[in-house]
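S.K.: sequence first, then the predicted structure:
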Amino acid sequence: MIQDYLFANDTEEALAQLYRYAGTAMVIAGGTDLMVNVADLKLKAQVLIDVTRMEGFHKIALKDGYLTIGAGVTMSEAAENELIYAYARSLAVAAACVGSVQIRNAATLGGNIVKAQPAADAAVMLVALGAVISVCGRSGKREILVEESYAGLGQSVVDPTKEIVSEIKFKALGNNQGCAYIRLAHRKALALPILNVGVILSVDERKISKVRIVMAPVDIKPQRAMAAEEYLIGKMPSRESFRTAAAMAIKDARPRDSFIHGSKEYRLSVLPSLVEKALLESMEEIYKKEGGV
């Protein structure tokens, strides 16, 4: 049962409070998932430490070619921010897919990562972007790739009773890069998607120089389509090469049968279409940046 609710004005104060309560306190930001656990009496923490007032927790900045986003930036803020839309458009698209308006106004990017759900919309796109999170603890600050922050299904390497995610950083996309986020979900349902795909594509001298294809929920965490990525490097971007890569993507997908998300067979049959569509949309974005029609 929650016995106290505290506010922290900066990282040092928040960490001091966590240290003081020695594992019985937990960080809260948006609280859209955490408060459900409180209501269901599943939360063991006795004290909640609200970090939404911390300095810089809602900042979004572009510096030296990198976008830096405070961990407390909400889904609504991410979806509507001009910098994010200009340099990582699909992150804005993914954020806009989360829940309802009320949920997006509260849910944070940092929380979306720490919750560690494999199909969390914004987190999947952040993996595609190669994003890094800064994690503050009593022993100092460390940086972790979002794709390496998953300790298991719904488990994060970040301990919210001891640590705080302060910011998220990734390289802003250039004119030779495109991105896409594709989601398949139940109609009119405010729930996690049946399948989602995030793609970052780079083209140099008319050939694919870099690509990241991230799929979910097809494993305990967002999964890279490594075989498809390797195939595409050095290829000319075309519908044929994208279709071949999309067919190869299922080699790295290990979905389970799910009453909510559908059968393994169904998701494996649909996944290549989503990957192909994401690759095509990424290439279309590059054409637009180059002044194409």
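M.R.: Yep, it's here.
S.K.: can you name the next helix or strand after the helix or strand bottoming out on mean pLDDT in the chain?
M.R.: One helix or strand of the chain scores below all others by mean pLDDT, DSSP states H and E: helix 34-39, with a mean of 57. Remark: after helix 34-39, the chain's next helix or strand is strand 47-50, criterion DSSP states H and E.
S.K.: for that following strand, the averaged confidence score.
M.R.: Here strand 47-50 scores 91 as its mean pLDDT.
S.K.: strands paired with that strand, and their directions?
M.R.: strand 4-7 (parallel), strand 25-28 (parallel) (DSSP bridges).
S.K.: hmm, who's touching that strand?
M.R.: Strand 47-50 has contacts (Cβ atoms under 8 Å, 6 or more residues apart in numbering) with 2-8, 14, 17-18, 21, 24-29, 34. In this view, the C-beta of every residue, glycine as well, is placed from N, C-alpha and C.
S.K.: could you flag which of those are buried?
M.R.: With neighbours counted by 16 or more other Cβ atoms under 10 Å, the contacts of strand 47-50 contain buried members at 6, 8, 14, 17-18, 21, 25-29, 34.
S.K.: distance to A191 added to these, as JSON lines?
M.R.: What follows is the buried ones among the contacts of strand 47-50, written out as JSON lines (distance: Cβ to Cβ, whole Å):
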{"residue": "L6", "distance to A191": "32"}
{"residue": "A8", "distance to A191": "32"}
{"residue": "A14", "distance to A191": "31"}
{"residue": "Q17", "distance to A191": "34"}
{"residue": "L18", "distance to A191": "31"}
{"residue": "Y21", "distance to A191": "33"}
{"residue": "A25", "distance to A191": "30"}
{"residue": "M26", "distance to A191": "25"}
{"residue": "V27", "distance to A191": "25"}
{"residue": "I28", "distance to A191": "22"}
{"residue": "A29", "distance to A191": "21"}
{"residue": "L34", "distance to A191": "18"}
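S.K.: max pairwise distance over the residues you listed: which two?
M.R.: Across the buried ones among the contacts of strand 47-50, the longest distance by Cβ to Cβ is 17.5 Å; it joins Y21 and A29.
S.K.: for the spatially most central residue of the chain, what are its contacts?
M.R.: Residue closest to the average C-alpha location in the chain (Cα atoms, centre = their mean): A123, at 1.1 Å. Applying Cβ under 8 Å, 6+ apart to A123 gives the contacts 112-113, 115-117, 146, 222.
S.K.: mind redoing it with 7 Å?
M.R.: 112-113, 146, 222 (Cβ atoms under 7 Å, 6 or more residues apart in numbering).
S.K.: next one: E285
M.R.: When contacts are counted by Cβ under 7 Å, 6+ apart, E285 touches 178-179.
S.K.: measure it to E240 for me?
M.R.: Going from E285 to E240 by Cβ to Cβ, to the nearest Å gives 20 Å.
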